[in-house]
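Asks: okay, sequence plus prediction incoming.
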Amino acid sequence: MINSSEIRQSGFQGEIIQSGDQEYDKARAVFNASIDRRPVLIARCVDADDVARIVTLARRHNLPLAIRSTGHNVAGYAVCDDGVVIDLSLMKAITVDPSARTVRVESGCNWGDVNDALQLHGLAATGGFVSITGVSGLTLGGGLGWLVRKHGLALDNLLGAEIVLADGRKVKANSRENEDLFWAIRGGGGNFGVVTSFEFQAHPAGTVLAGIVLHPASAAASAIRSWRDLEAEAPDESTLGALLFHMPDDPSLPPPMRGAPVAGLGGVYAGPVEEGEKVLQRLREYGPPLVDKFAPTPYNEAQRMADFLWPPGLHGYWKSSYLKALDDAAVDIVVDRFARVPSRQTVIVLENYGNSAWSRVPESATAFGHRNWPWNIVVTSAWSDAKDSERNIAWTRELLDALRPYTAPGAYVNYLGGDEGVDGLQAAYGTKLGRLASIKAKYDPTNLFRLNQNIAPEPGG
């Protein structure tokens, strides 16, 4: 069994946390409160050399190995029972090159960290609808964010990465070095190694037109249809979503709004504010809405505008699927089911990325798949009391089952809840799964990096 003295003897420079230590329970907690796992130890690394040491020791002792960036993934892969957690939270260096419009990011950062650093230069990176999402997990699985329609996914803007492999080697992956690995990490998740740093292309952003309009639940179906129809004409600069949620029970709100179910239509127009005012006029005038919160906003603040909808520390369960179409009947199903949602902390999100920079990337360019489906739904069920888990999970599954006639044969891997198994992998990768398994066999033949949406190495690879 691995112990702290052996780790120190290896030259490890970071922090070691074990059961009984004051920080242990806090260090093993992740975004989803339903995840309650107890690792043998947590190794907070300070650099790639530390990561390589822990990878080598975990492999030598044949221990389960979890990789934690920010612990945001709902499936809880960032922590494990009876194994080792590589915690990257101390690795938060960010280097901006304003002239090249690039940013180098260590893997302990979240997207709020990155865009705060870029905002000083009038730049922004493409990843993250909320600021607390980790750079690493989001990028490796895809990387949706408020610039996705204009500049694509985070992985579409990835210029290169530094990775610790299963044998402890540190390598680079980019368009010139280890090209197969570079292809695989752009969508294939954490299956191929521990990415310790990323280099991204950044883009001019500065001030954007950002916000949301709110409609009462009684008008939710018609409001969502108005957004859907507007999306058919949306320019690349406009990334908008439709949401169903409950307002906070906040005394500062007008009494009729406190805790009220609403439909929200909101997002970011990443272009000249004056143009955005014209493009979003129909959206903002329809109804009219109860509230119009669109305003010129620094991009790094716009990225935080939805944070209140997904606070850490709640129990969570997610289901998601691309949709072949978002017709009136599908909208009615979603709205009807939301009227019977068991928790006021649950949020349903409808997304559209069709006919944009996201969909113009060749399907073969990265491991990420299914760019041909323009619509997506993600049901982010959340609740406070563990005893309500069964009821909330059942409701979530029933909603996706009711949408089965409209769902496409594809899913976004970062939105999967963790219980989909082989079906989830097939939905996420389709025909690319075989190529990914072959690359997995090359770089991780023993499947050391298996605590994820796991792609097993090709037999005999």
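Replies: That came in fine, so what should we check first? Residues are numbered from 1 along each chain as shown.

Asks: element containing the nearest residue to Lys293 once chain neighbours are set aside, please.
Replies: Spatial nearest neighbour of Lys293, excluding adjacent residues (Cβ to Cβ, 6 or more residues apart in numbering): Gly211 at 4.1 Å. From N, CA and C alone the C-beta is placed, and that goes for glycine too. Using DSSP states H and E, Gly211 sits within strand 207-216.

Asks: just how off-centre is stretch 276-296 within its chain?
Replies: The chain centroid and the centroid of stretch 276-296 are separated by 27 Å, computed with Cα atoms, centre = their mean, to the nearest Å.

Asks: repeat for stretch 108-122
Replies: 16 Å.

Asks: next one: stretch 149-165
Replies: For stretch 149-165, the distance to the chain centre is 13 Å (Cα atoms, centre = their mean).

Asks: what does stretch 17-36 give?
Replies: Centroid separation for stretch 17-36 versus its chain: 22 Å, with Cα atoms, centre = their mean.

Asks: so what's the residue nearest to Lys293 up against?
Replies: 266, 292-295, 297, 305 (Cβ atoms under 8 Å, 6 or more residues apart in numbering).

Asks: also Arg371?
Replies: Shown in contact with Arg371 (Cβ under 8 Å, 6+ apart): 353, 358-359, 361, 363.

Asks: SS state for the residue most central in space within the chain?
Replies: Here the mean C-alpha position of the chain is nearest to the C-alpha of Leu138 (Cα atoms, centre = their mean), at a distance of 4.2 Å. For Leu138, the assignment made with DSSP: H, G, I helix; E, B strand; the rest coil gives helix.

Asks: and the gap between it and Arg435?
Replies: To Arg435, Leu138 is 22 Å away according to Cβ to Cβ, to the nearest Å.

Asks: again, but for Leu120
Replies: Per Cβ to Cβ, Leu120 is found 40 Å from Arg435.

Asks: ok, the contacts of Arg371 vs Arg344, which is closest?
Replies: Within the contacts of Arg371, the smallest distance to Arg344 is 28.5 Å, found for Tyr353 (Cβ to Cβ).

Asks: so how many other residues sit close to the nearest residue to Leu41 once chain neighbours are set aside?
Replies: Leaving aside its chain neighbours, Leu41 sits nearest to Gln18 (4.8 Å; criterion: Cβ to Cβ, 6+ apart). The number of residues packed near Gln18 is 15, by other Cβ atoms under 10 Å.

Asks: now Gln18. Its backbone dihedrals?
Replies: Main-chain torsions, Gln18, degrees, to the nearest 10: phi -130, psi 170.

Asks: what sits against it?
Replies: 4, 24, 40-42.

Asks: repeat that for Cys109.
Replies: By Cβ under 8 Å, 6+ apart, the contact list for Cys109 reads 92, 94, 134-135.

Asks: any idea which of those has the most stuff around it?
Replies: Neighbour max across those (other Cβ under 10 Å) = Val135, 31 neighbours.

Asks: need phi/psi at that one.
Replies: When read as degrees, to the nearest 10, the backbone of Val135 gives phi -60, psi -40.

Asks: roughly how far apart are it and Phe338?
Replies: Distance, Val135 to Phe338, by Cβ to Cβ: 31 Å.

Asks: same question, Leu57
Replies: From Leu57 across to Phe338, the span is 48 Å (Cβ to Cβ).

Asks: next: Arg225.
Replies: In this view, Arg225 and Phe338 are 15 Å apart by Cβ to Cβ.

Asks: got a list of what Val195 touches?
Replies: Val195 makes contacts with 107, 136, 139-140, 161-163, 185, as judged by Cβ under 8 Å, 6+ apart.

Asks: wait, a strand at it?
Replies: Yes - assigned with three-state DSSP, Val195 falls within a strand.

Asks: report the beta-bridge partners for it.
Replies: Per DSSP bridges, residues listed as beta-bridge partners of Val195: Ile163.

Asks: after the strand holding Gly211, which helix or strand is next? Please name it.
Replies: Counting by DSSP H and E, the next helix or strand C-terminal to strand 207-216 is helix 220-231.

Asks: just checking, what packs against that next one?
Replies: Packing contacts for helix 220-231, counted by 3 or more Cβ pairs under 8 Å, 6 or more residues apart in numbering; DSSP states H and E, involve strand 238-246, strand 261-269, helix 281-285, helix 328-338, strand 347-352.

Asks: and that helix, C-alpha only, in PDB?
Replies: Backbone C-alpha positions of helix 220-231 (Å, rounded to 0.1, in the frame of the first residue of the first chain) are rendered in PDB as follows:
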ATOM      1  CA  ALA A 220     -43.100  29.100 -21.200                       C
ATOM      2  CA  ALA A 221     -44.000  27.100 -24.300                       C
ATOM      3  CA  SER A 222     -44.700  30.100 -26.500                       C
ATOM      4  CA  ALA A 223     -41.600  31.900 -25.200                       C
ATOM      5  CA  ILE A 224     -39.400  28.900 -26.000                       C
ATOM      6  CA  ARG A 225     -40.900  28.700 -29.500                       C
ATOM      7  CA  SER A 226     -40.200  32.300 -30.100                       C
ATOM      8  CA  TRP A 227     -36.500  31.700 -29.200                       C
ATOM      9  CA  ARG A 228     -36.400  28.600 -31.400                       C
ATOM     10  CA  ASP A 229     -37.700  30.500 -34.400                       C
ATOM     11  CA  LEU A 230     -35.200  33.300 -33.800                       C
ATOM     12  CA  GLU A 231     -32.400  30.800 -33.700                       C
END
